[in-house]
Every structure is written in C-alpha cells, then in structure tokens.
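Visitor: Kindly return the folded structure for what I paste below:
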Amino acid sequence: MSRNDIVIQNLSKAYGKTVVFSGLSCTFDAGKRYCLTAPSGAGKTTLFKILLGLEKQDSGEITGLKGQRAGAVFQEDRLLEDYSALSNIRFVTGNQLSVSEINQYLLRLLPEDALQKPVREFSGGMKRRLSVLRALLAPSDFLLMDEPFAGLDQETRLLTIRLIGELRKNRLLVVATHDPFDAELLDAVTFRLFD
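Guide: Next comes the predicted model:
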C-alpha cells in the first residue's frame, strides 16, 4: 500500500435505526479512477461525506487520509452565488493561476457572456460544470465527485469528462454516478460497493 491509497475497513454508518451500510471494505489506489455505482439511497453520498470529514462513521477504519487534501463536487452546487465564475475559481486557487489561465478553462465549459454574470443567473448545467472545474483547479491530493454530470447534455458531459482527464493530473478520482457509461468515458474502474 502506498502512502496515498485510501483503505476502508469494515465501515458502518446508520442514522437512527436506518442502516446506510455495514461492514464496507475497499481500497482506492492512488492515482486511479473509480466510478461508484449503486441505487439511490445506498450510501454513496454518505461515504463521500465520511471521506471528507463531514460525517463520522459509527465503526470501522479509514487509513490514507491523513495529510491529504480533497477536491470535491457535491450533489448540490456549493458555489458563491453572488460572485462571478472567475471569483468562484479564485476563491479556491488564490493567485496560483492568472486571470487569463482561469478564463481559458472557463471558456471551455461556459459561454463567453456568462463570465461576467453572477453565478445565481447560471442554468443548472452551467453551475454543474463550474463546480467540476473548481474542484479540478483547487489544490488537492484526491478528488471526490458526487453525480458531477447531473443535468448535462451529451455534448457538455463529454466536454467536462475531457477536461477532467486533462486536469486530474494523476490524482485519485472517485465519481459517484448512476450512469454506467460514465465509467467507460472516464476510463475508470467500476465499483459496485453496495450490491
């Protein structure tokens, strides 16, 4: 096991009497791409929240997270709604990228007239693409994306997947999705964790 592998052993989580998962064990190898597939309500989002430190498991152990920074796309778009797309990216990157560099990435996913608008005026699909780009450009050691392509048509989905491939830079990528075709497009290993 390398330092950056994330190893999950006998993980269990319940909310009251509702068991989300029990005895979950798996390993996410550093640098690889994974797609988690499972029915709605099977625990993909809960697992991500535990990996991000936003929820605590009831039992079990996770190793490999210490000292690692996560980039994340949540099911809901957690954007700064009153700010521009550029400001949303600068919020997580600081001055690591120039305005010109950020705008070049933005223009690959958004129409030019959107760059000056506040994000609250974006369509759902535009917000989704911005959320993915922000996660990719933020300094991180691994990436978790929860339904990142929800609401995207085929063309924008392919554009977004292409940019993920380009900007992932060998970081571990775990994508939760309902669409098995996403795993093929991402060239990812499919994990059906909750069958």
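Visitor: So E101 lies in a helix, does it not?
Guide: Yes - using DSSP: H, G, I helix; E, B strand; the rest coil, the assignment for E101 is a helix.
Visitor: Count the residues that sit near it.
Guide: Applying other C-beta atoms under 10 Å, we find 13 residues neighbouring E101. Where you see a C-beta, it was placed from the backbone N, CA and C, and this is true even at glycine.
Visitor: State the pLDDT value of it.
Guide: pLDDT recorded at E101 is 95.
Visitor: And for D182?
Guide: 80.
Visitor: if I look at it, how far off is K32?
Guide: 15 Å (C-beta to C-beta, to the nearest Å).
Visitor: Compare neighbour counts for these two and give me the winner.
Guide: Shown here are D182 and K32; by other C-beta under 10 Å, D182 has more neighbours (21 against 15).
Visitor: OK, contacts around that one?
Guide: 35, 149, 161, 175, 188 (C-beta atoms under 8 Å, 6 or more residues apart in numbering).
Visitor: ok, now how distant is the closest residue to the last one other than its chain neighbours from R171?
Guide: Read it as A188. Spatial nearest neighbour of A188, chain neighbours left out: R33 (3.8 Å); criterion: C-beta to C-beta, 6 or more residues apart in numbering. Distance of R33 to R171, given as C-beta to C-beta: 9 Å.
Visitor: Same question for V20.
Guide: 26 Å.
Visitor: same thing with D141?
Guide: 6 Å.
Visitor: quick one: which of those two has more around it?
Guide: A direct count of neighbours by other C-beta under 10 Å for D141 and R171 places R171 higher, at 20 against 16.
Visitor: I'd like the distance between that one and L136.
Guide: Taking C-beta to C-beta, one finds R171 at 9 Å from L136.
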